[in-house]
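Peer 1: Below is the structure, and that's it, no one-letter string:
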């Protein structure tokens with residue numbers, strides 16, 4: 001099943017395009033690593049005169065434009081050094097922007113850089129399956145998308161299952177709940193890698209960036225886990241006011257699973273289509289969410305507002321955001337003592 005959740009579109013004050021500096025910071029720090037990877041690991045002779053790049057989970061911009069430009073700059077530099085030619089005269093770039101069909105592609109295309117030197121296509125569809133022809137892609141990229149699952153595990157929503165989870169996500173996870181989420185991650189990540197394995201040419205590169213958990217750290221111990229629990233408490237407050245049906249709330253779970261490092265590596269190795277050329281922890285100034293109530297409230301609305309509005313209605317969603325804003329100051333001391341997650345840079349090479 002393809003995910004039906006997308007971040008807030010448009011270009012307004014509460015849109016993803018206006019509040020994605022946290023994700024952008026990782027792309028900026030990863031630029032040098034991508035330059036080095038393309039310089040040492042990519043054979044530009046494989047590309048003939050057309051070079052194809054895809055960003056999976058592109059959202060609405062502007063971060064996707066930075067990501068693909070980083071790749072293009074690195075390829076052009078390698079082309080100059082190895083071929084002794086001006087890449088503008090000898091190679092054309094095709095960029096494929098992929099995301100769920102509900103993504104706001106209109107905003108994406110309306111904000112394309114005026115100085116872009118590449119041809120553009122939008123590719124709607126779930127990246128858990130193939131979205132491109134076989135052996136057509138030279139470099140793939142995916143950032144801050146792989147913590148989303150294709151669906152909430154079925155066992156989680158089955159009241160007769162030992163894995164039934166009546167809490168919103170993470171504190172109090174039983175072993176059965178954790179296993180159900182992990183199994184869904186293995187299915188989804190395996191599907192993602194199989195699809196990319198078919199689309200990428202032999203020797204092509206796949207860059208994965210995002211947030212995961214260091215081995216031995218529970219999500220409930222991290223800032224993001226604490227914030228999910230906090231949002232759950234605010235939703236319960238709104239339910240007690242009668243704006244949300246308690247039974248509906250009990251059945252709410254999010255299709256999110258930030259995997260542990262070992263879990264990521266295991267799925268990649270089991271897939272067998274790629275060699276792991278790099279799997280590194282990467283640090284940047286915005287590594288953890290800022291302890292700023294206004295930022296945290298806006299972040300919740302951009303990420304979860306659409307899900308909550310679809311499930312409970314606009315009034316309940318807005319009331320939940322108001323409650324988060326009212327109580328946010330109270331949780332800051334707890335967040336300040338949270339254990340750190342991990343921002344990752346993974347480079348895979350198609351066998």
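Peer 2: Received it, and whenever you're ready, just let me know what you need. Computed from a prediction, not measured in an experiment: that's the story for all the values here. Residues are numbered from 1 along each chain as shown.
Peer 1: For the rest of this, base every contact and every neighbour count on C-alpha atoms.
Peer 2: Fine.
Peer 1: I'd guess residue 204 is in a strand, am I close?
Peer 2: Yes: under DSSP: H, G, I helix; E, B strand; the rest coil, residue 204 sits within a strand.
Peer 1: Contact partners for it?
Peer 2: Contacts for residue 204 (C-alpha atoms under 8 Å, 6 or more residues apart in numbering) come out as 42, 137-139, 349-350.
Peer 1: what's the nearest residue to it if we skip its chain neighbours?
Peer 2: Counting by C-alpha to C-alpha, 6 or more residues apart in numbering, residue 138 is the residue found nearest to residue 204 once chain neighbours are left out, at 4.8 Å.
Peer 1: In a strand, that neighbour, correct?
Peer 2: Yes: under three-state DSSP, residue 138 falls within a strand.
Peer 1: Count residues in the vicinity of it, would you?
Peer 2: Around residue 138 sit 24 other residues, with neighbours defined as other C-alpha atoms under 10 Å.
Peer 1: Can you tell me how far it is from residue 47?
Peer 2: The gap separating residue 138 from residue 47 is 7 Å, by C-alpha to C-alpha, to the nearest Å.
Peer 1: got the buried residues for the longest helix seen in the chain?
Peer 2: Using DSSP state H, we find that the single longest helix of the chain is helix 175-199. Buried residues in helix 175-199, counting neighbours by 16 or more other C-alpha atoms under 10 Å, are found at 176-178, 180-182, 184-186, 188-199.
Peer 1: Over to stretch 80-90?
Peer 2: Buried residues in stretch 80-90, counted by 16+ other C-alpha under 10 Å: residue 87.
Peer 1: got the contact list for that stretch?
Peer 2: 49, 76, 79.
Peer 1: Stretch 224-242 now?
Peer 2: By C-alpha under 8 Å, 6+ apart, stretch 224-242 touches 167-171, 219-220, 244-246, 249, 316, 319-320, 323-324, 331, 335.
Peer 1: model confidence over it, on average?
Peer 2: With pLDDT averaged residue by residue, stretch 224-242 scores 93.
Peer 1: buried set for it?
Peer 2: For stretch 224-242, using 16+ other C-alpha under 10 Å, the buried residues are 224-239.
Peer 1: Do a quick rundown of the strands in the stretch 151-300 of the chain.
Peer 2: All strands of the stretch 151-300 of the chain, identified by DSSP state E, counting those that start in this stretch, fall at 200-212, 274-281.
Peer 1: ok, how many other residues are close to residue 70?
Peer 2: 18.
Peer 1: Let me know whether it touches residue 34 as I believe.
Peer 2: Yes: the criterion here is C-alpha atoms under 8 Å, and residue 70 meets it with residue 34 at 7.4 Å.
Peer 1: any idea which of the strands of the stretch 151-300 of the chain is most buried?
Peer 2: Mean neighbours per residue, mean count of other C-alpha atoms under 10 Å, is largest over those for strand 200-212, with a mean of 22.
Peer 1: could you pull out the helices for the stretch 101-250 of the chain?
Peer 2: Listed in chain order, the helices of the stretch 101-250 of the chain (DSSP state H, counting those that start in this stretch) span residues 105-110, 175-199, 223-240, 246-250.
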